[in-house]
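Undergrad: Pasted the sequence and its predicted model underneath.
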Amino acid sequence: MYTREHLLSRGVKADALARASREGPWLRLQSGVYVDRAAHLERRPAERHRVAVDAAMWSTRGGSAVVSHLSAAVVHGLPQYRFGDRAVEVTLAGAGKGSSRAGLRRHLDALPDEDVAVIDGIPCTTLDRTVFDVARTASLEMAVSCADAALRREAMSSRRFDAVAQERWRERLRERADRAAGRRGIRRARWVIEFADGRAELPGESVSRLQLHRIGFRDIDLQVAVAGPNGTNFFVDIALGEVQTFFEFDGETKYRDETVRGGRSVETVVLAEKRREDWIRGVTQWRLCRGGFGDIRTPEMLAARLAAFGVRPPR
């Protein structure tokens, strides 16, 4: 990031900075704060937003604003589903003045000290408070993805799931919802708290589970172990017990990302997946369906994907 004074000292013309919100090599994120436009636009949306958070806090340094809601979720490193460029969200305590401006959305709310943390020098809402605020105000897809990821940090260690830790998390969030009874979005927040599951590994799995629930499935289990060859286990993303069907979220990363492939070729990964899938079908006699981001965009699209395999919700 660069300040206006720094860029002017480097010989950048004032009229170029005046156009920075629309065009040119510099992009204004906040009043007096700029970044290299080309480099910034190459970043992923959540990465751009993280830079925007730094810019917002720089421009309001010395103030009482605390990064919150989806912006705090980005700072905490929670996964974002279909995240696009948006204003940085902050919360100010009390009921004073809190007008928003371009690139900055201010919320006025109670903000006790125990709800504030500092991450990489940025004051933001704690993880519990962030999940709660997102659950009240964001889309269910966003809310469930964030809640699942936050809960996973407490309830999962490698492949070990701690149901007691998951229930402790629920109790904390339930108490928070009780204290906020009557506030906007509380009913939805309560639903997200009960629906969240720390076993979900990726946002695609979280959203798949949400869409499956929306189209009528209720017996939904996650990361189900199927006995594999030579004493190993294969883990399947989602099991639909009512229709004896496994559903796997099939993102492209495991095929396209060399790091995820672990040095293996795409052909090797695809062949291993086919053998794994054949084994699971043969051992369990259940169907196995796959879907990607395009298939879980809406409940209707996922229902159509399943119907193509002869799988329909039980109700």
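TA: Done, it's in. Numbering: from 1, shown residues only.

Undergrad: Please make it C-alpha for all contacts and neighbour counts, starting now.
TA: Will do.

Undergrad: E89: what's it in contact with?
TA: Contacts for E89 (C-alpha atoms under 8 Å, 6 or more residues apart in numbering) come out as V67, S68, H69, L70, S71, A72, L104, R105, R106, H107.

Undergrad: three-state assignment of it?
TA: For E89, the assignment made with DSSP: H, G, I helix; E, B strand; the rest coil gives strand.

Undergrad: just to revisit the earlier point, quick check: of the contacts of E89, which lies closest to E242?
TA: Using C-alpha to C-alpha, L70 comes nearest to E242 of those, at 35.0 Å.

Undergrad: isn't the closest one right up against V134?
TA: Yes - with contact defined as C-alpha atoms under 8 Å, L70 and V134 form a contacting pair (6.2 Å).

Undergrad: between those two, who's got more neighbours?
TA: Neighbour tally, L70 and V134, criterion other C-alpha atoms under 10 Å: the higher count belongs to L70, 29 against 25.

Undergrad: Where does the more buried one fall, secondary structure wise?
TA: helix 69-75 (DSSP states H and E).

Undergrad: Counting by contacts, list what that helix packs against.
TA: helix 45-59, strand 88-93, strand 122-125, helix 127-137 (3 or more C-alpha pairs under 8 Å, 6 or more residues apart in numbering; DSSP states H and E).

Undergrad: Output the ones you listed in JSON lines; the columns should cover mean pLDDT and distance to R305.
TA: What follows is those, written out as JSON lines (pLDDT from 0 to 100; distance: least, C-alpha to C-alpha, whole Å):
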{"stretch": "helix 45-59", "mean pLDDT": "93", "distance to R305": "28"}
{"stretch": "strand 88-93", "mean pLDDT": "94", "distance to R305": "36"}
{"stretch": "strand 122-125", "mean pLDDT": "96", "distance to R305": "39"}
{"stretch": "helix 127-137", "mean pLDDT": "98", "distance to R305": "28"}
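
Undergrad: List every C-alpha atom in stretch 47-57, with coordinates, as PDB.
TA: The C-alpha trace of stretch 47-57 is given here as PDB (Å, rounded to 0.1, in the frame of the first residue of the first chain):
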ATOM      1  CA  GLU A  47      -7.000 -11.700  -0.800                       C
ATOM      2  CA  ARG A  48      -8.000  -8.300  -2.300                       C
ATOM      3  CA  HIS A  49     -10.400  -7.800   0.600                       C
ATOM      4  CA  ARG A  50      -7.600  -8.600   3.100                       C
ATOM      5  CA  VAL A  51      -5.600  -5.800   1.600                       C
ATOM      6  CA  ALA A  52      -8.600  -3.500   1.600                       C
ATOM      7  CA  VAL A  53      -9.000  -4.200   5.400                       C
ATOM      8  CA  ASP A  54      -5.400  -3.000   6.000                       C
ATOM      9  CA  ALA A  55      -6.200   0.100   3.900                       C
ATOM     10  CA  ALA A  56      -9.400   0.800   5.800                       C
ATOM     11  CA  MET A  57      -7.600   0.500   9.200                       C
END
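
Undergrad: Need the residues that contact it.
TA: Applying C-alpha under 8 Å, 6+ apart, the contact partners of stretch 47-57 are 1, 29-30, 33, 40-41, 67, 71, 74-75, 85-86, 88, 104, 122.

Undergrad: show me where this structure has strands.
TA: Taking DSSP state E as the test, the strands found in the chain are 2-3, 26-30, 33-36, 66-67, 88-93, 104-109, 116-119, 122-125, 156-157, 160-161, 220-227, 233-240, 245-249, 287-291.

Undergrad: Now render those as CSV, adding distance to K13.
TA: Compiled in CSV, these are given as follows (distance: least, C-alpha to C-alpha, whole Å):
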stretch, distance to K13
strand 2-3, 13
strand 26-30, 11
strand 33-36, 13
strand 66-67, 32
strand 88-93, 28
strand 104-109, 26
strand 116-119, 35
strand 122-125, 31
strand 156-157, 53
strand 160-161, 58
strand 220-227, 57
strand 233-240, 55
strand 245-249, 50
strand 287-291, 51
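
Undergrad: Out of the ones you listed, which is the most enclosed?
TA: Among these, strand 66-67 has the highest mean neighbour count (mean count of other C-alpha atoms under 10 Å), at a mean of 28.
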